[in-house]
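Q: quick one: sequence plus predicted model below, questions after.
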Amino acid sequence: MVVDRRRFLLASSSAALCMPGSVSLASAPRKRLEPRPGKAVLLEHGGPEATIWGFDGRVPGPTLRVRRGDELAVRLVNGIEHDTSIHWHGIRIDNAMDGVAPLTQAPVEPGKTFDYRFRALDAGTFWYHPHTHHSYEQVARGLYGVLIVEEDDPPDIDHDLLFVADDWRLTEEGQIDEASFGNWHDASHAGRLGNVLTINGEPYGRYAVASGDRVRLRCLSTATARVMSFAVETIQPSAIAIDGQPIKSRLVPDRTFTLAPGQRIDIVLDFDIAAGSTVRVFEVSNTPFVAAEFMVGEGNRDRVESRAEIRLADNPLPEKPERADRTVDLVMEGGAMRFLTSAEFQGDELDGQTLARSHGQFWALNGVAGMPDDPLFRAAGGEVMGTRIVNRTAFPHAMHVHGHHFVELARSDGPADRDWRDTVLLAPDTEVTIAFPADNPGKWMFHCHMLEHQASGMMTWFEVTA
Ligand code: C2O
Ligand code: CU
């Protein structure tokens, strides 16, 4: 049943309907990051070069690496013909540095700069990407990179590797399908699904390891729409962190993990396997195909005997809440098959046709399409805020909270997930109640990380006061 094929079936509308270079900053010198056009081979190894937009012209952009507690100073120099910004996804950060234009800063115009400076409180795997009205296009053109915050006491591993999965929509010539940006059909369905997967900006991932090696694989999805699942053959992975936050090491069920847009998982792979073998990773959300392979060379078998389970130290987060002090509802409506009859948009109540035809809005949160004037809630420092997210649409959504991590208190389709997360996936017709201590002052976004959904209605914000 497994085929060696790396292209996704180009999603027809019916398929869509049934789809449920390291830089060290140890002493905080200022790093410059320039979004600009660049080239990357995406379609197949040895194939055509596509014109992408990337930080410093590369995809993924430079991997930033700091020690926990260190300060990061980055000057954004805008080299594209769009307003842009940098959001530090999953980082608990000063609100002014969160990079959301226009909520937390003015958009950075072409040729202009913005200085980001913040202290990395939590060790883990994070990422950065633009956050503007056009982030759905900028991220899909390749503007993203990984931010690694190293543990005080880094675990004993042989290789610390990235597995950055992206879902590109390319033309037959292997170029970015530009004509499909802003497509209303995509926006009102599952989002702009791609047809080609890349790992670390390459047509598929190729890794060389040695027999007996222990690998930490930092997995991230930068896709703007597709929910992907990856299955590792032969080797049983253990998960050690989710969305950047450490967990007690546990086996990955069925050797398969799912990543919704924006989500991360850090896994450990012990290559307790003979030299000369190959371990493949398949993408299995649709017809399975090879996403990456590890070539196992000669190694030091002694290491296999001496390995202990990895337990990353917890980050300085508050206690995991067992209950909320206050709970608000966040009802998601709209999209294909269940179109909005009406919703508020920029202060006016509009019918569904007008929302769609005149404003490209297809989704509403609590009856409002796009950014509401009033926040979802206002909370004072430390109040444990619950949000009951109700997905009344026919599509999955990946809801992302800025400036905080949350846990689930309840979910309608299974046991609550008690790991800290910053992005939660909701299947159609399900609801999830999340909670977190609202302890980081500022105005924070709360939106669907399927970025076409965000742009076509699915966003809100909340405010925390000290
Ligand atoms: Cu990864 Cu609001 O963003
Ligand atoms: Cu969505």
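A: Cool, the structure landed. Ligands and ions are numbered 1, 2, ... in the order given.

Q: I'd say residue 317 and residue 245 touch.
A: Yes - with contact defined as CB atoms under 8 Å, residue 317 and residue 245 form a contacting pair (7.1 Å). Quick note: C-beta positions are derived from backbone N, CA and C, even for glycine.

Q: these two: which is more packed in?
A: Using other CB atoms under 10 Å, the more surrounded residue of residue 317 and residue 245 is residue 245, with 22 against 18.

Q: run a quick neighbour tally on the closest residue in space to the more buried one that isn't next to it in sequence.
A: Excluding its sequence neighbours, the residue lying closest to residue 245 (CB to CB, 6 or more residues apart in numbering) is residue 420, at 4.0 Å. Residues lying near residue 420 (other CB under 10 Å) number 24.

Q: residues contacting residue 420?
A: Residues counted as contacts of residue 420 (CB atoms under 8 Å, 6 or more residues apart in numbering) are 242-243, 245, 317, 320, 405-407.

Q: ok so, going back, where do the contact lists of residue 317 and residue 245 overlap?
A: Joint contacts of residue 317 and residue 245 (CB under 8 Å, 6+ apart) are 122, 405, 420.

Q: these in strands, which ones?
A: Counting by DSSP state E, these place none of their members in strands.

Q: now, which of the residues you listed sits nearest ligand 1?
A: Among the shared contacts of residue 317 and residue 245, residue 405 lies closest to ligand 1 (CB to the nearest ligand atom), at 13.3 Å.

Q: so which bits of this structure are right by ligand 1?
A: Within the chain, the residues that sit near ligand 1 (CB under 6 Å from any ligand atom) are 87, 89, 129, 131, 262, 400, 402, 445, 447, 449.

Q: and the pLDDT at the residue in the stretch 51-200 of the chain that ligand 1 sits nearest to?
A: Closest approach of the stretch 51-200 of the chain to ligand 1 (CB to the nearest ligand atom) occurs at residue 89, with a separation of 3.6 Å. At residue 89, the model reports a pLDDT of 98.

Q: same question, the one 5 residues further on
A: On pLDDT, residue 94 comes in at 97.

Q: with just CA atoms, put stretch 35-54 into PDB.
A: Extracted in PDB, the C-alpha atoms of stretch 35-54 (Å, rounded to 0.1, in the frame of the first residue of the first chain):
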ATOM      1  CA  PRO A  35      13.100  38.700   3.900                       C
ATOM      2  CA  ARG A  36      14.000  38.800   0.200                       C
ATOM      3  CA  PRO A  37      13.500  36.800  -3.000                       C
ATOM      4  CA  GLY A  38      15.700  33.700  -3.400                       C
ATOM      5  CA  LYS A  39      16.000  30.400  -5.200                       C
ATOM      6  CA  ALA A  40      15.200  26.900  -4.000                       C
ATOM      7  CA  VAL A  41      14.800  23.500  -5.700                       C
ATOM      8  CA  LEU A  42      11.400  22.300  -4.400                       C
ATOM      9  CA  LEU A  43       9.900  19.900  -7.000                       C
ATOM     10  CA  GLU A  44      12.500  17.200  -7.100                       C
ATOM     11  CA  HIS A  45      16.200  16.800  -6.400                       C
ATOM     12  CA  GLY A  46      18.100  18.100  -9.500                       C
ATOM     13  CA  GLY A  47      14.900  19.800 -10.700                       C
ATOM     14  CA  PRO A  48      14.100  23.400 -11.500                       C
ATOM     15  CA  GLU A  49      14.900  26.200  -9.200                       C
ATOM     16  CA  ALA A  50      11.800  28.100  -7.900                       C
ATOM     17  CA  THR A  51      11.800  31.700  -7.000                       C
ATOM     18  CA  ILE A  52      10.900  31.900  -3.300                       C
ATOM     19  CA  TRP A  53      10.800  34.500  -0.600                       C
ATOM     20  CA  GLY A  54      13.000  33.600   2.300                       C
END
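
Q: tell me the buried residues in it?
A: Residues of stretch 35-54 classed as buried: 35-36, 38, 40-43, 50, 52-54 (neighbour count, 16 or more other CB atoms under 10 Å).

Q: kindly present the residues you listed as a markdown table, with separate columns for pLDDT and distance to residue 425.
A: Below are those laid out as a markdown table (pLDDT from 0 to 100; distance: CB to CB, whole Å):
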| residue | pLDDT | distance to residue 425 |
| --- | --- | --- |
| 35 | 98 | 28 |
| 36 | 98 | 32 |
| 38 | 98 | 31 |
| 40 | 98 | 28 |
| 41 | 97 | 31 |
| 42 | 97 | 26 |
| 43 | 95 | 28 |
| 50 | 98 | 29 |
| 52 | 98 | 27 |
| 53 | 98 | 27 |
| 54 | 98 | 27 |
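
Q: tell me which two of those residues sit farthest apart.
A: Among those, the pair separated by the greatest distance (CB to CB) is 35 and 43, at 22.7 Å.

Q: for the chain, what lies in contact range of ligand 2?
A: Contact residues (CB under 5 Å from the ion) of the chain with ligand 2: 397, 448, 450, 453.
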